[in-house]
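> The following comprises the amino acid sequence and a computationally predicted model.
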Amino acid sequence: MLVLTVFGVLVLLMLLGVPIALSLGLTAIGLMYWMGGTDLLIMFGQRAYFGTASFPLLAVPFFILAGNLMNTGGITQRIFGVAQLCVGRIHGGLGHVNVIASMIFAGMSGSAVADAAGLGVVEIRAMTKAGYTARFS
């Protein structure tokens, strides 16, 4: 019976036009209050805070910052140039250049996020200039 009630509240909230994420959250908070009172609600707030206060989650913005700093300093343009000298002359060379440049950049930073932030702008600009569509780039 409890499952039907929770599911019914969830469906009702969605039918009222409440976004799905908010519907799920409100249903979960209501169920926690109904099952355990305010103690579970206090724990909900603590878990929400400590779930976001972790070092791996803090590292992502710093990797993006590192990629943007390398892009501003011109390091990514130089990496792309070296990769273009190595494999740029073969058929489909710009795609190979992207892979080689990403390998070099990933070896330096160790992060796919920094790689995308740093090399993405350079690669998209070069592919668009070479005649590729913006969507493909």
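The structure has been received and is ready for your questions. Numbering: from 1, shown residues only.
> Pull out the buried positions in stretch 9-20.
Buried residues in stretch 9-20, counted by 16 or more other C-beta atoms under 10 Å: 10, 13, 18. Any C-beta I mention is one placed from the backbone N, CA and C, and that applies to glycine too.
> Same check on stretch 97-111?
Result for stretch 97-111 [16+ other C-beta under 10 Å]: buried residues 97-98, 100-102, 104-105, 109, 111.
> Please pull up the helix or strand immediately following the helix or strand bottoming out on mean pLDDT in the chain.
Least confident helix or strand, the chain: helix 38-52 with a mean of 74, by mean pLDDT, DSSP states H and E. Sequence-wise, the next helix or strand downstream of helix 38-52 (DSSP states H and E) is helix 55-73.
> Run the angle between that following helix and helix 38-52 for me.
Orientation check (axes from the mean of the first three to the mean of the last three C-alpha atoms, to 10 degrees): helix 55-73 against helix 38-52 gives 30 degrees.
> Give me the mean pLDDT for the following helix or strand past helix 55-73.
Sequence order places helix 75-87 as the next helix or strand after helix 55-73, per DSSP H and E. The pLDDT scores in helix 75-87 average 79.
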